[in-house]
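S.K.: Kindly generate the corresponding structure for this input.
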Amino acid sequence: MSSMSSSLTSLALTSPLHVSRKCLSLQPARKCYQRYAFNSYGNITLLIHDQSASPHLFPSSNLKSCCSAIASSNDGTVSMINFEDVMEKDWSFLEHPDSSAEHKQKIDEIISAGEITETSKVMIAISSDEFVDRVVESSICKQLLVVHDSLFMLACIKEKYDKVMCWQGEVIYIPEKWTPFDVVFLYFLPALPFELDQILDALRKCCSPGARVVISHPQGRQMVEEQQKQYPDVVVSNLPEKMLLQNVAAHHSFEVVKFVDEPAFYLAILKFINQ
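M.R.: Below is the predicted model of the structure:
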């Protein structure tokens, strides 16, 4: 039983989520029940309890969660795994409150840079709900995978879009079953705890020939620097300078086809050249 509990604990924190029932309505104390299917291990139900001051932020700063998971097998045996003191990082700063036409235009420009088609297999890493919403609304693709550090954000995305696949884990460890990708959006690169060299080396192995990797920030480098001061545990680096990006990209068979580094907008488009 102990070995089963150990494997399930790891699985619940690193596997793709498949929601089979929706969240209950959020009250000020906010309890949210989600049931996930994890292959042959049966169903796992997570209880997320947030006691932060504002009932309208999810996730929020000061987010504290207490999760319990129940795994049921086909033979009726039930195993209980308790997750205590699970702390969620504060990702609320990714949800930009600006709903102006200019901001929406920047988001659309980032999405257009990917050149998504109906046959594209797309991956979005560390993004806002707003960006995922806009990709789903504006583009038809063969496959859309959202990768994030936050189980809470992934659960909310999966609740809205059943066909969108979600995976909680690091972008350099993406399972091969979803590859190769035709479009990769590194929406918030500064949150990835890896060197640029590591990231592009991993993407080189899971991109199709001609794939486009889009690195962006709709508010630009200056905003990233401010976010790094406010959220040092989340924002661990800055956006790459042009010369650095070109050198590292070339080393991993990527070509920088467009680079914009303005005070309030950052966009870099890399194309994978299969050699």
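S.K.: quick one: buried residues of stretch 131-146?
M.R.: Using 16 or more other Cβ atoms under 10 Å as the test for burial, stretch 131-146 gives Phe131, Val132, Arg134, Val135, Val136, Ser139, Cys141, Leu144, Leu145, Val146. The C-beta positions use only the backbone N, C-alpha and C, and glycine is treated the same way.
S.K.: how long is it from one end to the other?
M.R.: One end of stretch 131-146 to the other measures 11 Å (Cα to Cα, to the nearest Å).
S.K.: which residues sit against it?
M.R.: For stretch 131-146, the surrounding residues in contact (Cβ atoms under 8 Å, 6 or more residues apart in numbering) are 104, 107-108, 110-111, 114, 116-124, 127, 154, 157, 160-161, 163-167, 174, 178, 181, 183, 185, 187.
S.K.: ditto for stretch 166-179
M.R.: So stretch 166-179 is in contact with 13-17, 121, 123, 125-126, 143, 145-151, 154-155, 157-158, 165, 186, 192-194, 198-199, 201-203, 206-207, going by Cβ under 8 Å, 6+ apart.
S.K.: how close does Val257 sit to Arg204?
M.R.: 16 Å (Cβ to Cβ, to the nearest Å).
S.K.: In three-state terms, label Arg212 for me.
M.R.: At Arg212 the chain is in strand, as set by DSSP: H, G, I helix; E, B strand; the rest coil.
S.K.: OK, contacts around it?
M.R.: Ala113, Gly114, Glu115, Asp182, Val183, Val184, Ile269, Leu270, Lys271, Phe272.
S.K.: try 7 Å
M.R.: By Cβ atoms under 7 Å, 6 or more residues apart in numbering, Arg212 lies in contact with Gly114, Glu115, Val183, Ile269, Leu270, Lys271.
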